[in-house]
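**Student:** How does the following fold in three dimensions:
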Amino acid sequence: MILRSMLVFFLAIGSATAKTLTLAAEEDYYPFSAEVEGELVGLVPEVTLAAFNAVGIEVDFRIGPYSRVLFLVESGDVVGGFTGAIDESNESDFYWHSTPLSVVRLAIWARAGFSKQSLTAKDMEGQKVSVTRGFFYTDAIDTNDEVRKIEAPSDASSLKMLALGRSDYALVTEKIGRTIIRESGNTMAGNRLEIVGLIGEVPLFAFFSKAHPGGENAARLFQEGFEIIIENGTYARIMERWQN
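**Tutor:** Got it, this is the predicted structure:
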């Protein structure tokens, strides 16, 4: 399931009805979107390609860190990017499609043996909590100034910060956190970090630029194509491959 990024990511396009659109893709969010040995892989880019192809649109990707993805979309250099969660802090900043790409469990991680269990967002108040720069963590975290948020450049860095004792908790989705720990070797041994609570189940979306002249139409076309691949079974087949 390797998706080649076909052209340089900064492809200038005139409108969202062009035959090719360029979207920003996150490089470090496996299995949803990641760069592996120079190639873009993941559930979200594969679904994005299929959805746009269903309405006759080709897609090029520009791969980079999530902060770069946000900048490219916000500035209008690309028509859209992925992935994001909708909350009060960003809902008005982008055009969104209506059907979620997937739903993830946003988990609260702690050092093993150092925390109570079954924690919630409310329990993060007054705590040092490592979060990934630019990510959305629901209004319960994003708009809560009582949570002492410490920004990290990536989920892996956020968990490493926790493992080293630089934060009390880290907020990372369950599947991604387990993947990072499994692949980290001795840096973050699996028995050093554990899930101690849940912020919630968070729907994931692609988001489209309000600064790009084709952003609104691209969101509409994506939703149209997404409904097609749900109906014809393509989405279910993609989901099954990545879940396995």
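**Student:** biggest strand in this structure by residues?
**Tutor:** strand 193-209 (DSSP state E).
**Student:** Just give me the neighbour total for Thr234.
**Tutor:** 19 (other C-beta atoms under 10 Å). The C-beta positions use only the backbone N, C-alpha and C, and glycine is treated the same way.
**Student:** Once you drop chain neighbours, what's closest to it?
**Tutor:** Using C-beta to C-beta, 6 or more residues apart in numbering and skipping the chain neighbours, the partner closest in space to Thr234 is Ala50 (5.3 Å).
**Student:** name the element that neighbour belongs to?
**Tutor:** Assigned by DSSP states H and E, Ala50 belongs to helix 43-54.
**Student:** Contact partners for the spatially most central residue of the chain?
**Tutor:** Nearest to the geometric centre of the chain sits Thr83, at 3.6 Å (C-alpha atoms, centre = their mean). By C-beta atoms under 8 Å, 6 or more residues apart in numbering, the contact set of Thr83 is Glu26, Tyr29, Phe32, Ser33, Val44, Leu101, Leu204, Phe205, Ala206.
**Student:** Verify the contact between the residue nearest to Thr234 and Asn232 for me.
**Tutor:** No: with contacts counted by C-beta atoms under 8 Å, Ala50 stays clear of Asn232, the gap being 9.7 Å.
**Student:** who's more crowded, these two?
**Tutor:** Ala50 (19 against 12).
**Student:** In contact with the more buried one, which residues?
**Tutor:** Gly225, Ile229, Thr234, Tyr235, Ile238.
**Student:** swap in Leu193?
**Tutor:** Trp109, Ala110, Arg111, Ala112, Leu159, Leu162, Ala163, Ala170, Gly177, Ile181.
**Student:** circling back: before we move on, which element is the residue nearest to the centre of the chain in?
**Tutor:** Going by DSSP H and E, Thr83 is in strand 80-84.
**Student:** and the helix or strand just after that strand, which strands flank it?
**Tutor:** Downstream of strand 80-84, the next assigned helix or strand under DSSP H and E is strand 94-96. Sheet pairing of strand 94-96 (DSSP bridges) gives strand 193-209 (antiparallel).
**Student:** what's the angle between the partner strand and strand 80-84?
**Tutor:** Counting by axes from the mean of the first three to the mean of the last three C-alpha atoms, to 10 degrees, strand 193-209 points 150 degrees away from the direction of strand 80-84.
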